[in-house]
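Participant: Pasting the sequence and the predicted model now:
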Amino acid sequence: MIQLFHVSKTYAGDAPALKGVNLEIEKGELVFLTGPSGAGKSTLLRLLMGAEAPTEGQIVIAGRNVARIRRAAVPYLRRNIGVVFQDFKLIPNRTAVDNVGVSLEVLGTSRREVRRRASEALERVGLGHKLDVLPERLSGGEQQRVAIARAVVSEPSVLLADEPTGNLDPELTLEVMELLTDMSKKGTTVVVATHDHALLERFGDRVVRLAGGVVQEERV
Ligand SMILES: Nc1ncnc2c1ncn2[C@@H]1O[C@H](COP(=O)(O)OP(=O)(O)OP(=O)(O)O)[C@@H](O)[C@H]1O
């Protein structure tokens, strides 16, 4: 599902953030990306989502080369790759269902269809009873689940998450991880960057450790 061939990324004037990374991730795998601060985890996720291009190498997602980002590839990436970040920023004056619908609206889906699919996505994350609630009335874990629903509403084949449980207490962390595990079991390829060793111990089928931009160790 995801293949990286000799991928390097150098920001102007700096030492490389990634150096010759080779990686293959199968459909439905749940992969943790870990390593010390500055190791290149976020850089790797940004390359996968097409937010940046690698300096060298090829990145193939679902058979499509995304390394050379052209405008034409952006809608394809939006549909096929869902993204969740630690500072997931919901729109404060829009309800849960409207927050989730945003990514469909930009794809030109009709209003009725947006509502139907956004409601379904919220049901999947256990928030079917909070469709019309504003973010400020939701707990931290519920807000994070809305962000996950927003990331998966277009049924992407790949879900990328950067420290998705960084702001959550242990109980909510568990809740979010169980949700991500469940999605991978249903066929979504999930890549999670995290520093949290407890998560790796408990959920990590596969751990890719980065240090200084190089893949150091892999546990499968
Ligand atoms: N936009 C940028 N411009 C210049 N250098 C950058 C940029 N983004 C990242 N870097 C550099 O690339 C290297 C890797 O950073 P990256 O954010 O990928 O690490 P990380 O493993 O995600 O770290 P953390 O765990 O702290 O989030 C660092 O040396 C960082 O300073």
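Facilitator: Nice, I can see it. Numbers count the residues shown, from 1 in each chain.

Participant: Within range of the ligand, give me the residues from the chain.
Facilitator: Tyr11, Asp14, Ala17, Gly35, Ser37, Gly38, Ala39, Gly40, Lys41, Ser42, Thr43 (C-beta under 6 Å from any ligand atom). C-beta: built from backbone N, CA, C; applies to glycine.

Participant: Give me the ChimeraX select line for the residues you listed, limited to the buried ones.
Facilitator: Buried residues among the residues of the chain next to the ligand (16 or more other C-beta atoms under 10 Å), as a ChimeraX selection:
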select :17,35,39,40,41,42,43
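
Participant: residue ranges with poor pLDDT in the protein?
Facilitator: Across the chain, the ranges flagged by pLDDT under 70 are 68-75, 87, 220.

Participant: hey, where'd the helices end up in this structure?
Facilitator: 41-48, 74-80, 96-105, 111-124, 140-152, 170-185, 197-203 (DSSP state H).

Participant: got a list of contacts for the first one?
Facilitator: If you take C-beta atoms under 8 Å, 6 or more residues apart in numbering as the criterion, helix 41-48 is touched by 2, 7, 9, 17-18, 21, 33-35, 52-54, 59, 61, 66-67, 81, 83, 158, 160, 162, 191, 193, 210, 213.

Participant: mind listing which of those are in strands?
Facilitator: The strands, defined by DSSP state E, take in 2, 7, 9, 18, 21, 33-34, 59, 61, 81, 83, 158, 160, 162, 191, 193, 210 from the contacts of helix 41-48.

Participant: Thr188 - how many residues pack around it?
Facilitator: 21 (other C-beta atoms under 10 Å).
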